[in-house]
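Participant: this one's structure only:
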């Protein structure tokens, strides 16, 4: 459930709005948060390596 909270915060969705999403919509938001976290991790690694 924490991931839903993270996605909601980043996407500006209030908690009660999650109840109105279809499974497909929720999956798209979770896919987006996965891509966001991956890009963030790559950027952090790039900064640490000095590139």
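Facilitator: Received, thanks. Just so you know, these numbers come straight off a predicted model, no measurement behind them.
Participant: so the residue nearest the centre of the chain, which state does it fall into?
Facilitator: For the chain, residue 33 is the residue whose C-alpha lies nearest the centre (C-alpha atoms, centre = their mean; 2.0 Å). What DSSP: H, G, I helix; E, B strand; the rest coil gives for residue 33 is helix.
Participant: what's the distance between it and residue 45?
Facilitator: 19 Å (C-beta to C-beta, to the nearest Å). Heads up, the C-betas are built off the backbone N, CA and C, glycines and all.
Participant: just to revisit the earlier point, what about the residue nearest to the centre of the chain, distance to residue 48?
Facilitator: Taking C-beta to C-beta, one finds residue 33 at 22 Å from residue 48.
Participant: in the helix or strand residue 25 falls within, which residues are buried?
Facilitator: Take DSSP states H and E as the rule and residue 25 turns out to sit in helix 23-49. The neighbour-count check on helix 23-49 (16 or more other C-beta atoms under 10 Å) flags 29, 33 as buried.
Participant: low-confidence bits of this structure, can you list those?
Facilitator: Counting by pLDDT under 70, the chain contains low-confidence residues at 1-5, 7, 15, 51.
Participant: please redo it, this time with the cut-off set to 90
Facilitator: Across the chain, residues meeting the criterion (pLDDT under 90) sit at 1-23, 25-34, 36-37, 50-51.
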